[in-house]
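# Build the 3D model from these lines:
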Amino acid sequence: MQIDGKVFIVTGGASGLGEGTARMLAANGGKVVIADMQAEKGEAVAKEIGGVFVKCDVSQEADGQAVVAAALRLGKLVGLVNCAGIAPAEKTVGKNGPHALATFSKTVTVNLIGSFNMIRLASDAMGKNEPESTGERGVLISTASVAAYDGQIGQAAYSASKGGVVGMTLPIARDLARSGIRNMTIAPGIFGTPMLFGMPQEVQDALAASVPFPSRLGTPEDYAKLAKHIIENDMLNGEVIRLDGAIRLAPR
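Model (predicted):
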């Protein structure tokens, strides 16, 4: 799958991993639709890269449909990269009682249901494409986390949501194989994103030092490089790739 001249949707594209991916796609000639709740930042990034911004709650059907419609107006939609997500921290039972059910529900709704909502809508549109020379009509990339495997204390909701993304990777790839649409997932380790940069510097330094090699925080550019390879390598399908510098998270 070639990026140049094709249309891609990036959810969560106003910042972090999504922004890095949107910039990579634009730099390689792609037309990018940024779908995000951060209107001011999303519009600024879209303007910089010559893309389009659509305010979108990924868990809402109408919002997802509006994003896909905007993408189709730009040309041939061949790619979706799901980077939108939230990461609350709360213990199953804490000092103030049991985990808030609303927090758990919202995390699963945004991270898991939101990812699936965008996948189903984008792949429906992609299935109508004329296939590329490889037989492909599209490629889907979602974002899980190493927390899907090594969830830490306070990450029950987050790990459950990301574990769901991991779990649906293969069946979606199998569902869409007859349409020539690939489905992949990236599971990042400890990355330098706005969520992490909100932590104290000493915490950031300790987290970076805990990565075996390279002993640093991952960057949006690291993520974007892998996303680019997945888009261009048509044998990558139905798999989750850990992008983590060999880290395995301790309980806390």
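# Can you give me the buried ones in stretch 216-225?
Residues of stretch 216-225 classed as buried by neighbour count (16 or more other CB atoms under 10 Å): 217-218, 220, 222-224. For glycine as for every other residue, the C-beta is placed from the backbone atoms N, C-alpha and C.
# tell me the mean pLDDT for stretch 88-108?
What stretch 88-108 shows for mean pLDDT is 96.
# first to last residue in it, what's the distance?
End-to-end span of stretch 88-108 (CA to CA, to the nearest Å): 11 Å.
# Just checking the distance from that stretch to the centre of its chain.
Relative to the chain's own centre, stretch 88-108 is displaced by 23 Å; criterion: CA atoms, centre = their mean, to the nearest Å.
# give the contact list for residue 100.
residue 90 (CB atoms under 8 Å, 6 or more residues apart in numbering).
# tell me what the helix or strand hosting residue 53 is packed against?
Here residue 53 sits within strand 52-55, counting by DSSP states H and E. Using 3 or more CB pairs under 8 Å, 6 or more residues apart in numbering; DSSP states H and E, the elements in contact with strand 52-55 are strand 31-36, helix 39-49, helix 61-74.
# Redo those as JSON lines? Include mean pLDDT.
Listed next are the helices and strands packed on strand 52-55 as JSON lines, based on pLDDT from 0 to 100:
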{"stretch": "strand 31-36", "mean pLDDT": "98"}
{"stretch": "helix 39-49", "mean pLDDT": "98"}
{"stretch": "helix 61-74", "mean pLDDT": "98"}
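# Show me the shaky parts of the stretch 51-200 of the chain.
195, 199 (pLDDT under 70).
# Number of residues surrounding residue 205?
By the measure other CB atoms under 10 Å, the count of residues near residue 205 is 12.
# State the next helix or strand along the chain beyond the helix or strand where it lies.
If you go by DSSP H and E, residue 205 is part of helix 201-209. Counting by DSSP H and E, the element after helix 201-209 in chain order, helix or strand, is helix 220-232.
# which element follows that next one toward the C-terminus?
Past helix 220-232, the next helix or strand by DSSP H and E is strand 240-243.
# other SSEs contacting that following strand?
Against strand 240-243 (3+ CB pairs under 8 Å, 6+ apart) you get strand 181-188, helix 220-232.
# Run a quick neighbour tally on residue 132.
Each residue near residue 132 was counted by other CB under 10 Å, and the total is 16.
# Tell me how far the residue most central in space within the chain lies from residue 126.
Nearest residue to the geometric centre of the chain (CA atoms, centre = their mean): residue 83, 2.5 Å. Per CB to CB, to the nearest Å, residue 83 is found 18 Å from residue 126.
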